[in-house]
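> I need the structure of the sequence given here:
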Amino acid sequence: MLLLDAGIGASRGDAVLALLERAQVPPVPPFYKLCYDYLAGVQTLDAIRAGAILEDGANGEGDSPRTAGEQLYEDFVAPYQNQGTIIQVAGTMIERIGALEKLMAESQEANRSQAAELAGATEHLGGDDIDAGLLREWILRLEATNLALQRANDALSAELDQTLEVITNGQDELAALSRAATVDPLTGVSNRAGLDRALGEVFSDLPPHARFSLAVVDVDHFKQLNDTYGHQIGDEVLRLVGRALLTSTRENDIMG
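Alright, predicted model coming up:
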């Protein structure tokens, strides 16, 4: 029905744009490719899933609060895009390190000033005949440089503590980000990005003529379950399936 409605016979490119427009999905490259594969009859899981989202969007169906474009983004783009958060974390670290470098320079300058004042005091007060006024002047100067040095070192110490906290938090954020980018939050198993990465590592490390097994599991009649009981119940079923698979696999098995 959707192929005929979109006018696939006239021009596949025009048909893709027409379907995206009907589903109110912006024609950005990732969405265009998914729609193109769907209309071309490509039988991949991505194309089938994208087709279902586009079909619901084009026909005004589906009980999800998300638009078709938002759902496509969440399913196919978001798992691979965490660059913005990484840049933000890195920017915060760089900002703190910059502040730390500035305070280190100030502390070094305060140390140089203190050393110069001490050298001057030693030179002027090294004789046997010490003038009381001169002695008082040098004491005040040394007190001032010592106070400046203490303040610079206190500020540097405080900044070191804050920078260490920022770096530690940044490392935690990046670790969480790495996990979020590769794990499906609903089921707890690896998402497409995580599966691609894990399988890539397997293929690259696999010795010649080695064997491994790949099992594909499907939830029977899942669309009917969603249509009958709603996507919230469907989500609960997916959680149960994911938990069952995770508890049934070995430590070195890849689940996605």
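> buried stuff in stretch 197-213?
Under the neighbour-count criterion of 16 or more other Cβ atoms under 10 Å, stretch 197-213 has residue 198 buried. For glycine as for every other residue, the C-beta is placed from the backbone atoms N, C-alpha and C.
> what is the end-to-end distance of that stretch?
One end of stretch 197-213 to the other measures 17 Å (Cα to Cα, to the nearest Å).
> so how far is residue 203 from the residue nearest to residue 234 when sequence neighbours are not counted?
Leaving out its chain neighbours, the residue that sits closest to residue 234 by Cβ to Cβ, 6 or more residues apart in numbering is residue 226, at 4.1 Å. Residue 226 sits 34 Å away from residue 203, going by Cβ to Cβ, to the nearest Å.
> next: residue 76.
For residue 76 relative to residue 203 (Cβ to Cβ), the value is 23 Å.
> for residue 220, same thing?
With the distance defined as Cβ to Cβ, residue 220 ends up 30 Å from residue 203.
> same thing with residue 97?
Look at residue 97 and residue 203: by Cβ to Cβ, they are 39 Å apart.
> cool, and residue 134?
Distance from residue 134 to residue 203, counting by Cβ to Cβ: 81 Å.
> do residue 70 as well
33 Å.
> list the contacts of the closest residue to residue 142 other than its chain neighbours.
Using Cβ to Cβ, 6+ apart and skipping the chain neighbours, the partner closest in space to residue 142 is residue 117 (5.6 Å). Contacts were defined as Cβ atoms under 8 Å, 6 or more residues apart in numbering; by that measure residue 117 touches 138, 141, 142, 145.
> any idea of the pLDDT on residue 117?
With respect to pLDDT, residue 117 scores 83.
> go on, the one 4 residues further on?
Residue 121 is assigned a pLDDT of 79 by the prediction.
> show me the contacts for residue 241.
By Cβ under 8 Å, 6+ apart, the contact set of residue 241 is 187, 217, 219.
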